[in-house]
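Asks: I need the structure of the sequence given here:
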Amino acid sequence: MFEYNFHWRPVLKTLPDLIQAGLTTLEVATLSMVIGILLGLCLALIRMNMNGPLKWFAVSWIEMARNTPALFQLFFFGFGLGAIGINLTPYTIILAGLSFNCAGYLAENFRGGFQAVPDTQLKAARCLGMNAWQAYTRIVIPQVFKVIYHPITNQMVWAVLMSSLGMLIGFRELSGETQFFASRTFRIFEYFAVTAVLYYVIVKIILAASRLLAMRLFRY
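Replies: As a prediction, this is how the structure comes out:
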């Protein structure tokens with residue numbers, strides 16, 4: 001016979017701490033996405049337009065990020081670099097791991113976005129007297145972002161959920177904070193049930209904000 005006495009009071013008492021940890025999760029996911037977008041754009045441009053060592057570096061980064069477990073990447077920054085004397089804080093480890101992973105996936109999204117924009121757009125911009133930088137930043141890249149906007153949103157959601165790996169390196173984000181309180185109070189189900197709801201709310205907020213931003217950016 002299943003017998004379990006639910007006790008929600010400990011969870012409710014520590015709910016402000018869990019919400020604060022949720023904000024930390026959102027912070028590290030947002031920062032990793034900003035870094036990932038910038039690095040991913042650079043990797044995509046290098047892969048498409050350059051040869052030699054730089055292209056090899058970009059391809060290697062993308063292949064490693066997309067074809068190895070995210071946990072291994074996190075452990076590389078945490079324990080791999082630590083083995084050679086480069087010791088990072090848990091916050092820096094999770095930020096570096098997420099940024100590395102996001103950059104690899106976003107680079108392929110950017111590459112697909114560039115391929116979706118007709119070459120005639122770039123040629124027309126150059127014919128109007130724009131240099132390469134102006135043509136890319138004013139004509140091509142805005143169209144690329146329109147093409148890959150929804151994949152970027154999906155990657156943001158993935159970054160939020162993947163940040164839960166931080167608990168394995170002692171980072172007190174939402175999952176780490178939940179594990180800390182659950183192990184002290186032995187209310188495992190209650191804490192993780194509430195945390196699942198908090199993750200759900202965070203993701204829904206991201207999706208709602210994404211829809212509102214899309215309505216504003218892509219009205220025409």
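Asks: And the residue most central in space within the chain, how far from Met64?
Replies: Using C-alpha atoms, centre = their mean, the residue of the chain that lies closest to the mean C-alpha position is Ala159, 3.3 Å off. Plainly put, Ala159 is 17 Å away from Met64 if you go by C-beta to C-beta, to the nearest Å. The way it works is simple: take the backbone N, C-alpha and C, and place the C-beta from them, glycine included.
Asks: re the thing from before, residues contacting the residue nearest to the centre of the chain?
Replies: Ala159 is in contact with Ala29, Ser32, Met33, Gly36, Leu98, Cys102, counting by C-beta atoms under 8 Å, 6 or more residues apart in numbering.
Asks: From these, which land in helices?
Replies: Ala29, Ser32, Met33, Gly36, Leu98, Cys102 (DSSP state H).
Asks: Report the residue spans of the chain with pLDDT below the cut-off.
Replies: 1-2, 220 (pLDDT under 70).
Asks: before we move on, the earlier item: which one of the ones in helices among the contacts of Ala159 is nearest Ser175?
Replies: Distance to Ser175, by C-beta to C-beta, is smallest for Ala29 among the ones in helices among the contacts of Ala159, at 12.4 Å.
Asks: Would you confirm that the closest one contacts Leu165?
Replies: No: applying C-beta atoms under 8 Å, one finds Ala29 not in contact with Leu165, separated by 11.8 Å.
Asks: So which of these two has more stuff around it?
Replies: Ala29 (27 against 22; other C-beta atoms under 10 Å).
Asks: From Phe110, how far off is the more buried one?
Replies: 19 Å.
Asks: what do you get for Leu213?
Replies: 19 Å.
Asks: In terms of neighbours, single out the busier of those two.
Replies: A count of neighbours by other C-beta under 10 Å puts Phe110 above the other of Leu213 and Phe110, at 27 against 12.
Asks: you'd agree that one is up against Cys42?
Replies: No: counting by C-beta under 8 Å, Phe110 does not reach Cys42; the two are 9.2 Å apart.
Asks: Going through the ones in helices among the contacts of Ala159, which ones are buried?
Replies: By neighbour count, with 16 or more other C-beta atoms under 10 Å, the ones in helices among the contacts of Ala159 hold Ala29, Ser32, Met33, Gly36, Leu98, Cys102 as buried.
Asks: now for these, which pair is the farthest apart?
Replies: Going by C-beta to C-beta, the two entries of these that are most distant from one another are Ala29 and Gly36, at 10.0 Å.
Asks: Quickly list what's touching both of those two.
Replies: Leu98, Ala159.
Asks: where exactly do the helices run in the chain?
Replies: Assigned by DSSP H, the helices in the chain fall at 9-13, 15-49, 53-67, 70-75, 81-83, 90-116, 119-127, 132-135, 141-162, 174-185, 188-217.
Asks: Can I get those in TSV including distance to Glu3?
Replies: As requested, the helices of the chain are exported to TSV (distance: least, C-beta to C-beta, whole Å):
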stretch	distance to Glu3
helix 9-13	19
helix 15-49	26
helix 53-67	46
helix 70-75	35
helix 81-83	45
helix 90-116	38
helix 119-127	67
helix 132-135	68
helix 141-162	33
helix 174-185	19
helix 188-217	13
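Asks: Pick the most deeply packed of the ones you listed.
Replies: Neighbour counts (mean count of other C-beta atoms under 10 Å) averaged over each of those peak at helix 90-116, with a mean of 22.
Asks: Who are the packing partners of that one?
Replies: Of the remaining helices and strands, those touching helix 90-116 by 3 or more C-beta pairs under 8 Å, 6 or more residues apart in numbering; DSSP states H and E are helix 15-49, helix 53-67, helix 70-75, helix 141-162.
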